[in-house]
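Peer 1: no sequence on this one, just coordinates:
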């Protein structure tokens, strides 16, 4: 698949089959992360691949946000329930982390975003589906502790698997709306 086709066909997948992602495909995805550009070539990122009980444990940590009174939570946090179910239905979950460094924060976040998009496009080209997840932010400290990742910042996660269905493209602004 050509790059332009992968860009056009990439979707946020929320329903996966039970088929495993092959080790060879996972290796190609990790290579896509590794080869991403980074500001000043810092490569200030760390990735952790979870599957099985570990992946489900992370989803349960996210669901623990809703134990007890939730009236104090902003309404946008409630998507974590749906996201946790997506994680449980995926084959793998890739945690996207970075070392804490306030001086480089913006540049490291942009670099990590490039790595994540590399992975998403590579997955699309392999016929796999991904969901770029930021809902981990609400339970970040518990997740870091559970997986012995203290001292790092959990920027996001990527649910990965074989798509059960491909949603229609989401609306995008016209070119004239984004060019100034």
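Peer 2: Structure received. Because the structure is predicted, anything quoted here is derived from the model rather than measured.
Peer 1: Residue 154 belongs to a strand?
Peer 2: Yes - secondary structure assignment (DSSP: H, G, I helix; E, B strand; the rest coil) places residue 154 inside a strand.
Peer 1: Thought residue 100 was touching it, still the case?
Peer 2: No - Residue 154 is beyond contact range of residue 100, at 10.9 Å (criterion: CB atoms under 8 Å). Every residue, glycine included, has its C-beta placed from N, CA and C.
Peer 1: List of residues touching the lowest-mean-pLDDT helix or strand in the chain?
Peer 2: For the chain, counting by mean pLDDT, DSSP states H and E, helix 3-9 ranks last in confidence among helices and strands (a mean of 92). Outside helix 3-9, the residues within contact range by CB atoms under 8 Å, 6 or more residues apart in numbering are 1, 121, 122, 124, 125.
Peer 1: rerun that using 6 Å as the cut-off
Peer 2: Contacts with helix 3-9, where a contact means CB atoms under 6 Å, 6 or more residues apart in numbering, come from 121, 124, 125.
Peer 1: Just the buried residues from those, in ChimeraX please.
Peer 2: Here is the ChimeraX command that picks out the buried ones among the contacts of helix 3-9, judged by 16 or more other CB atoms under 10 Å:
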select :121,124,125
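Peer 1: In a markdown table: the contacts of helix 3-9, plus distance to residue 107, pLDDT and secondary structure.
Peer 2: Written out in a markdown table, the entries for the contacts of helix 3-9 read as follows (distance: CB to CB, whole Å; pLDDT from 0 to 100; DSSP: H, G, I helix; E, B strand; the rest coil):
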| residue | distance to residue 107 | pLDDT | secondary structure |
| --- | --- | --- | --- |
| 121 | 21 | 97 | helix |
| 124 | 26 | 98 | helix |
| 125 | 27 | 97 | helix |
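Peer 1: wait, which of the contacts of helix 3-9 is closest to residue 51?
Peer 2: Within the set of the contacts of helix 3-9, residue 124 lies nearest residue 51; the separation is 20.3 Å, counting by CB to CB.
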